[in-house]
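Novice: Okay, predicted coordinates and the sequence, questions at the end:
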Amino acid sequence: MAEEYPKGAFILTLIGAILSLIVGIPLAMMGGIIAMFLPSLGILCMVIPLLGGILGIVAAILMRNPEKVKTGGALAIIAAILSLIGVLSFILLLIGGIMALRWKKPTGQ
C-alpha cells in the first residue's frame, strides 16, 4: 500500500507555488529596476514574491512525509501571505495549507 499523505493539499500547494513563482519572476525584474531609485522597496519587490514561491514548493515537499504534514501546512500558509500579490496563488496556497493542517493520518486496518 502506498504511503498516505494529503494528496489534495499537496497538489493545491504545488500549483499555488508554481503560480507564485510565475508571478514573482517578473516582479523580481521590476524590483531590480525600482531598486535603482528606491533601494529598500526594490529589494522587497525582488525577494518577497520569490520567497513565497520557494516556501510553497518546500511546503509541498514536506507534505509528502506524513510526519511533517503540519509543518508543510504552516509553511504553505506563510507562503500564501508572502504571495498575496498573486490572488490565485494566494488562494491555492492558503487552501492547501489549511487542508494539510486539518489532515489526519488514517488508522491502519
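Specialist: That came through fine.
Novice: tell me, which helix in the chain spans the most residues?
Specialist: Taking DSSP state H as the criterion, the chain has its longest helix at helix 7-37.
Novice: after it comes which helix or strand?
Specialist: helix 39-63 (DSSP states H and E).
Novice: still on that earlier bit, please identify the buried residues of the longest helix of the chain?
Specialist: 9-10, 12-21, 23-24, 27-28, 31, 34-35 (16 or more other CB atoms under 10 Å). C-beta coordinates here come from the backbone N, C-alpha and C atoms, glycine included.
Novice: quick one: residue 94 and residue 80 touch, right?
Specialist: Yes. Using CB atoms under 8 Å, residue 94 is in contact with residue 80, at 4.1 Å.
Novice: pretty sure residue 103 contacts residue 9?
Specialist: Yes. Assessed by CB under 8 Å, residue 103 is found in contact with residue 9 at 6.4 Å.
Novice: Give the closest residue to the one residue sitting closest to the centre of the chain in space, chain neighbours not counted.
Specialist: Among the residues of the chain, the one closest to the centroid is residue 56, at 2.2 Å (CA atoms, centre = their mean). Nearest residue to residue 56 in three dimensions, chain neighbours excluded: residue 17, at 2.7 Å (CB to CB, 6 or more residues apart in numbering).
Novice: list the contacts for the one you found?
Specialist: When the contact criterion is CB atoms under 8 Å, 6 or more residues apart in numbering, the partners of residue 17 are 52, 53, 54, 55, 56, 57, 59, 60, 79, 89, 93.
Novice: mind redoing it with 10 Å?
Specialist: Counting by CB atoms under 10 Å, 6 or more residues apart in numbering, residue 17 makes contact with 24, 52-61, 76, 79-80, 83, 89, 92-93, 96.
Novice: what stretches of this structure score poorly on pLDDT?
Specialist: 1-2, 108-109 (pLDDT under 70).
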